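Enquirer: I would like to see how this sequence folds:
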Amino acid sequence: MTTASPEAQRRTRAFARVIGPYVATFTTIYAIRLPELQGLTGDLFDQPGLMLLLGAMMLAAGLVIIGGHRSWRGPLAVTVSLFGWFVAIRGFLLIATPATIRSGVDATMLSPVAMTAARVFFGALAALGLLLTYAGWFARRPATG
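Expert: Below is the predicted model:
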């Protein structure tokens, strides 16, 4: 299997520099504060215009990652590309099926087992964010030649 070009590797690291700290910060705070956010999610879903805007922004952000990062060579590149697709699909679903998303969120918030699983999931995403941060900012750059 051939390796990605130096330009593709630089692009992957640049995306990891942005995505990593964002994911690490957001998911850590979300995992800690998840039980407190129960009222906030209800308020959010009660405003269809805000849900439409949030979904549109997520779809746009995901499409920027998908369009700007086309490399699938190596674990870091795959992670960045999958993140772009994940964000784009979530944004699309918020626009297309907000009631379905709301019912899933409500079910998670009402179940202690699902709440614990969600907190563990967000903790795992925080660890992934830290790995992306490290790879983007601190890992040794590959030799160009």
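
Enquirer: How confident was the prediction at the residue lying closest to residue 120 once chain neighbours are set aside?
Expert: Nearest non-adjacent residue to residue 120, counting by C-beta to C-beta, 6 or more residues apart in numbering: residue 31, 8.0 Å away. The way it works is simple: take the backbone N, C-alpha and C, and place the C-beta from them, glycine included. Listed pLDDT for residue 31 reads 91.

Enquirer: Going forward, count from 693.
Expert: Sure, I'll start numbering at 693, so the last one becomes residue 723.

Enquirer: So, low pLDDT: which residues of the protein?
Expert: Across the chain, the ranges flagged by pLDDT under 70 are 693-694, 833-837.

Enquirer: burial measure for the residue nearest to residue 812, as a count.
Expert: By other C-beta atoms under 10 Å, the residues close to residue 723 number 17.

Enquirer: report the longest helix in the chain, please.
Expert: Longest helix in the chain, counting residues (DSSP state H): helix 698-725.

Enquirer: neighbouring contacts of the following helix or strand past it?
Expert: Tracing the chain past helix 698-725, the next element assigned as helix or strand by DSSP states H and E is helix 730-737. If you take C-beta atoms under 8 Å, 6 or more residues apart in numbering as the criterion, helix 730-737 is touched by 742, 743, 746, 790, 793, 794, 797, 798, 801.

Enquirer: got the phi/psi numbers for residue 739?
Expert: phi -120, psi 90 (degrees, to the nearest 10).

Enquirer: any idea where the helices of this structure begin and end?
Expert: All helices of the chain, identified by DSSP H, fall at 698-725, 730-737, 740-760, 767-788, 790-802, 804-825.
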